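Enquirer: Following is a predicted model, sequence given first.
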Amino acid sequence: MKGDLIHTVVLIVCMGIMQSFSYAQQRVLPKQTDRWGIQEDGSISWVIKNELPHTDHIEMAGEKVALWVEYGLDSNRKAKISRTVVFPTFRMLPDGTRTHISYSFQDNELPRFYINNRLLDFSIEKSGKSGTLGYSVKKINHKGIMKVSAETGMPVLAEIERSLFPSVDRPMAIEKFVFTNKSDKEQTISMEYLKREVRTDPSKSKVQSHSVIMGTRGEGNRILQPGKSVTFAVYYLATDTPQDIETINPDLEEQKRVARIAEIQAPLKLETPDNILNTAFEFAKLRATESIYKTKGGYMHGPGGLAYYAAIWANDQAEYVNPYFAFSGDRIANQSAMNSYRWFAKYMNPDYKPIPSSIVAEGDAVWKGAGDRGDQAMIAYGASRYALANGNINSARVLWPLIEWCLEFSRRKMNNEGVVNSDKDELEGRFPAGKANLATNTLYYDALRSATLLGPLLGKPKAQIEGYRKQADALKINIEKYFGGNVEGFETYKYYEGNDVLRAWICLPLTVGIFDRKKGTIDALFSPRLWTADGLATQAGKDTFWDRSTLYALRGVLEAGDTEKAMDFIKYYSRRRLLGDHVPYPVEAYPEGNQRHLSAESGLYCRIFTEGLFGMRPIGFNSFNCTPRMPKTWDRFALRNIHSFGNVFDLEISRAGKDKLIIVVKKGDKVYKYQVKEGATQLIRL
């Protein structure tokens with residue numbers, strides 16, 4: 001009996017090992033079908049065919065407004081557009097994370113349009129018998145402005161292009177309607193005048209009552225000759241002085257939006273043989289950078305998602321997106337990065353009580369409902385990387401006291417096993433994280449490494465810098481001792497003590513140069529236990545996914561040198577997010593938030609390339625280590641117009657025979673060329 005039991009146990013263990021080995025070998029990704037296509041101008045379009053019903057949503061933003069649009073067609077081709085307009089700096093009481101005002105507007109609230117005295121009905125596809133005209137959507141297009149192309153009449157009387165976009169610098173969104181006469185006769189086209197105002201309850205409004213106004217521009221009758229066009233517009237704005245609204249020029253607002261998109265996309269141009277990657281990178285740059293709000297507390301990058309505005313977080317801003325902004329070349333993005341760190345620095349204290357997880361309501365309130373999530377490690381990690389890559393000694397001097405304080409806070413949280421305790425992690429208790437988690441410790445380790453590089457540049461004492469170096473070395477050993485282990489048959493990491501189920505955040509050591517368990521970790525990440533159709537499951541066996549961990553993992557696998565495997569999954573992920581059913585940006589999570597296009601995740605997508613594909617690791621104000629990863633089917637790739645390390649330069653990678661690469665740095669009329677073995681690291685000084 002005892003022998004049978006032993007035999008059974010051995011059999012189960014062997015089956016588990018074989019199953020894990022099988023998982024590790026499987027790299028079959030789900031088949032993808034593109035709904036959208038890339039256009040010559042870099043936009044993406046969905047040409048409506050028969051793949052219905054389908055709905056989607058997208059968010060766009062300016063300095064004073066966010067526009068969230070839900071759109072789609074049902075099985076009868078009936079179109080629907082719902083707009084929710086968020087005004088981050090118009091707030092209600094009491095102060096809180098979500099106390100901005102927002103209002104939703106449906107198609108049936110629009111002013112009425114007439115063509116030759118026949119009412120245009122957006123709710124039907126084909127013209128009705130009662131004198132109404134139907135509305136048939138043919139194409140939808142995205143590139144920072146959402147455009148909906150439709151037609152009406154049988155035969156076609158007019159083409160209608162609707163454009164929806166936020167104002168760049170006003171608390172206002174615009175919806176333009178361009179009608180083009182497609183018949184051979186003149187037509188009379190008109191839009192009714194409309195102005196509707198809502199005022200918030202003054203007793204619950206911050207400072208004073210706020211007005212939200214929906215109104216028209218260009219209303220009235222127009223007689224159109226064949227082939228000619230006319231433009232009408234609807235605006236959605238917030239104001240505290242409804243009696244004194246500035247002139248609204250929809251065409252000028254659109255021109256400013258186009259100019260801002262171009263300004264964001266001009267620097268940091270990715271050039272690879274894969275147009276999907278190039279295009280997804282451009283879209284991610286836009287989403288990461290547009291979502292910055294001009295508040296009374298300065299520029300604040302906000303995740304969005306109808307919930308998170310005029311506020312900052314230790315993870316989204318300090319950790320995720322600010323290190324990207326140091327490469328972005330965007331003036332507003334860099335202002336917002338420095339502003340966020342200044343705000344966190346205001347909460348340093350001599351008793352080393354935790355800095356709040358988020359500072360909300362334009363700086364008037366804080367949120368710390370999850371306790372210490374490892375926020376100090378997040379801040380020190382992001383601020384030190386940003387200071388180095390930004391390449392400005394004066395900015396670094398401003399950031400150093402915050403970095404120093406956060407490092408000391410984490411040191412004081414060390415437990416007897418030599419790792420850092422924290423109350424939660426960035427998921428705030430949604431999934432277990434134990435008393436000490438891998439995320440907090442990995443970020444703290446990298447922050448210590450960056451501090452050893454940054455401190456000497458600022459003339460800090462050698463003893464202090466040596467102390468950071470010793471702490472980093474000890475922490476790396478303790479991370480292995482405390483978190484290293486076999487989980488579900490993979491030699492990887494336990495996310496916390498006692499954890500026996502694979503977690504997505506086991507990828508983090510790969511992003512900070514800890515490769516001791518890279519094989520088991522990579523095998524686990526891409527096994528069916530963790531990898532799903534939408535990237536990494538937060539925990540094996542659960543449907544929940546958060547893109548942030550997938551984006552870290554894709555970068556980490558590149559940094560670990562498993563280029564081919566990484567690129568397979570990067571291409572899959574990029575195609576799904578850019579051309580699939582929910583486009584065109586990385587998302588937050590599911591089921592929570594229904595895959596909102598939170599903006600910091602787009603910054604993490606860009607970092608797959610800056611830190612992963614090009615292997616750029618900041619080590620000085622004008623220097624970085626470069627460890628490029630060349631896919632086997634590529635001969636060259638480049639990143640142009642990089643604004644970082646106090647310089648503007650191009651970085652080109654090309655093949656130089658078997659197992660060798662050429663790195664070319666172009667800075668003005670100067671060209672620096674290096675030859676390295678594949679997988680090797682080259683120091684670049686600008």
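Expert: Everything's here; your move.

Enquirer: which residues of the stretch 401-550 of the chain fall in helices?
Expert: 438-457, 462-483, 518-525, 547-559 (DSSP state H, counting those that start in this stretch).

Enquirer: For the last one, give the mean pLDDT please.
Expert: Regarding helix 547-559, the rounded mean pLDDT is 98.

Enquirer: what angle separates that helix from helix 438-457?
Expert: Per axes from the mean of the first three to the mean of the last three C-alpha atoms, to 10 degrees, the angle that helix 547-559 makes with helix 438-457 is 60 degrees.

Enquirer: Give me the contacts around helix 547-559.
Expert: With contacts defined as C-beta atoms under 8 Å, 6 or more residues apart in numbering, helix 547-559 is touched by 320, 426, 504-505, 507-511, 513, 522, 525, 534-536, 538, 565-567, 569-570, 573, 586-589, 600-601, 604-605, 607-608, 611-613, 615, 627, 629. Where you see a C-beta, it was placed from the backbone N, CA and C, and this is true even at glycine.

Enquirer: And the third one, by the same measure?
Expert: Among residues not part of helix 518-525, those counted as contacts by C-beta under 8 Å, 6+ apart are 20, 23-24, 487-488, 490-493, 502, 504, 506-507, 509-510, 530-531, 536, 553, 557, 560-562, 565.

Enquirer: at 7 Å instead, please
Expert: For helix 518-525, contacts defined as C-beta atoms under 7 Å, 6 or more residues apart in numbering pick out 24, 490-493, 502, 506-507, 510, 530-531, 536, 553, 557, 560, 562, 565.

Enquirer: Also the first one?
Expert: Counting by C-beta under 7 Å, 6+ apart, helix 438-457 makes contact with 319, 374, 377-378, 380-381, 384-385, 387-388, 396, 403, 407, 410, 419-420, 422, 425-426, 464-465, 468-469, 471-472, 475-476, 479, 483, 493, 495, 505-506, 508-509, 512, 619-621, all of which sit outside it.

Enquirer: mind running it again at 6 Å?
Expert: 374, 377-378, 380-381, 384-385, 387-388, 410, 419-420, 422, 425, 465, 468-469, 471-472, 475, 479, 483, 493, 495, 505, 508-509, 512, 619 (C-beta atoms under 6 Å, 6 or more residues apart in numbering).

Enquirer: Which entries within those meet the buried criterion?
Expert: Neighbour counting by 16 or more other C-beta atoms under 10 Å classes 374, 377-378, 380-381, 384-385, 387-388, 410, 419-420, 422, 425, 465, 468, 471-472, 475, 479, 483, 493, 495, 505, 508-509, 512, 619 among the contacts of helix 438-457 as buried.

Enquirer: Once you drop chain neighbours, what's closest to residue 237?
Expert: Excluding its sequence neighbours, the residue lying closest to residue 237 (C-beta to C-beta, 6 or more residues apart in numbering) is residue 172, at 3.9 Å.

Enquirer: and what of residue 508?
Expert: That would be residue 442: by C-beta to C-beta, 6+ apart, it lies 4.1 Å from residue 508.

Enquirer: ok so, going back, do you know which of the helices of the stretch 401-550 of the chain lies nearest residue 230?
Expert: helix 547-559 (42.1 Å; C-beta to C-beta).

Enquirer: Quick one: mean pLDDT over stretch 170-187.
Expert: 97.

Enquirer: got the end-to-end distance for it?
Expert: The straight-line separation of the ends of stretch 170-187 (C-alpha to C-alpha, to the nearest Å) is 35 Å.

Enquirer: chain center to that stretch: distance?
Expert: Distance of stretch 170-187 from the chain centroid (C-alpha atoms, centre = their mean, to the nearest Å) equals 32 Å.

Enquirer: Over to stretch 476-496?
Expert: 29 Å.

Enquirer: which parts of that stretch are buried?
Expert: Buried residues in stretch 476-496, counted by 16+ other C-beta under 10 Å: 476, 478-479, 482-485, 487-496.

Enquirer: for the stretch 501-650 of the chain, what spans make up the strands?
Expert: Remark: strands assigned in the stretch 501-650 of the chain by DSSP state E, counting those that start in this stretch are 531-532, 535-536, 545-546, 589-590, 616-620, 623-626, 636-644, 647-655.

Enquirer: strands paired with the last one, and their directions?
Expert: In the sheet containing strand 647-655, its partner strands are strand 636-644 (antiparallel), strand 660-667 (antiparallel), by DSSP bridges.

Enquirer: most tightly surrounded among those strands?
Expert: Highest mean neighbour count among the strands paired with strand 647-655 (mean count of other C-beta atoms under 10 Å): strand 636-644, with a mean of 19.

Enquirer: got a list of contacts for that one?
Expert: With C-beta under 6 Å, 6+ apart as the criterion, strand 636-644 contacts 267-272, 326-327, 329, 389, 614, 649-654.

Enquirer: What subset of those residues is buried?
Expert: 267-270, 272, 326-327, 329, 389, 614, 649-653.

Enquirer: Between those, which sits nearest residue 345?
Expert: residue 326 (17.7 Å).

Enquirer: Where does the residue nearest to that closest one when sequence neighbours are not counted fall, secondary structure wise?
Expert: Once flanking residues are discounted, residue 326 sits nearest to residue 389: 3.6 Å by C-beta to C-beta, 6+ apart. For residue 389, the enclosing helix or strand under DSSP states H and E is helix 375-390.

Enquirer: tell me the average confidence for that helix?
Expert: 98.

Enquirer: tilt between that helix and strand 636-644?
Expert: 100 degrees.

Enquirer: Return the alpha-carbon coordinates of helix 375-390 using PDB.
Expert: Below are the C-alpha coordinates for helix 375-390, written out as PDB (Å, rounded to 0.1, in the frame of the first residue of the first chain):
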ATOM      1  CA  ASP A 375       5.300  53.700  -3.600                       C
ATOM      2  CA  GLN A 376       8.700  54.900  -2.400                       C
ATOM      3  CA  ALA A 377      10.400  52.200  -4.500                       C
ATOM      4  CA  MET A 378       8.300  53.200  -7.500                       C
ATOM      5  CA  ILE A 379       9.300  56.800  -7.100                       C
ATOM      6  CA  ALA A 380      13.000  56.200  -6.500                       C
ATOM      7  CA  TYR A 381      13.100  53.900  -9.500                       C
ATOM      8  CA  GLY A 382      11.400  56.300 -11.900                       C
ATOM      9  CA  ALA A 383      13.000  59.500 -10.600                       C
ATOM     10  CA  SER A 384      16.600  58.100 -10.800                       C
ATOM     11  CA  ARG A 385      16.100  56.700 -14.300                       C
ATOM     12  CA  TYR A 386      14.500  59.900 -15.400                       C
ATOM     13  CA  ALA A 387      17.200  62.100 -13.900                       C
ATOM     14  CA  LEU A 388      19.900  60.200 -15.800                       C
ATOM     15  CA  ALA A 389      18.200  59.900 -19.100                       C
ATOM     16  CA  ASN A 390      17.000  63.500 -19.100                       C
END
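
Enquirer: what's that helix in contact with?
Expert: For helix 375-390, contacts defined as C-beta under 6 Å, 6+ apart pick out 314-315, 318-319, 322-323, 326, 337, 341, 344, 355, 357, 396, 399, 402-403, 406-407, 409-410, 440, 443-444, 446-447, 450-451, 454, 618, 644.

Enquirer: how much space is there between residue 200 and residue 65?
Expert: Using C-beta to C-beta, to the nearest Å, one obtains 16 Å as the distance from residue 200 to residue 65.

Enquirer: who's more crowded, those two?
Expert: Higher neighbour count among residue 200 and residue 65: residue 65, with 28 against 19, using other C-beta atoms under 10 Å.

Enquirer: Could I get the contacting residues of the more buried one?
Expert: Counted by C-beta under 6 Å, 6+ apart, residue 65 has contacts 166-167, 171, 173.

Enquirer: Just send these back as JSON lines, with distance to residue 145 too.
Expert: As requested, the contacts of residue 65 are exported to JSON lines (distance: C-beta to C-beta, whole Å):
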{"residue": "166", "distance to residue 145": "9"}
{"residue": "167", "distance to residue 145": "12"}
{"residue": "171", "distance to residue 145": "18"}
{"residue": "173", "distance to residue 145": "11"}
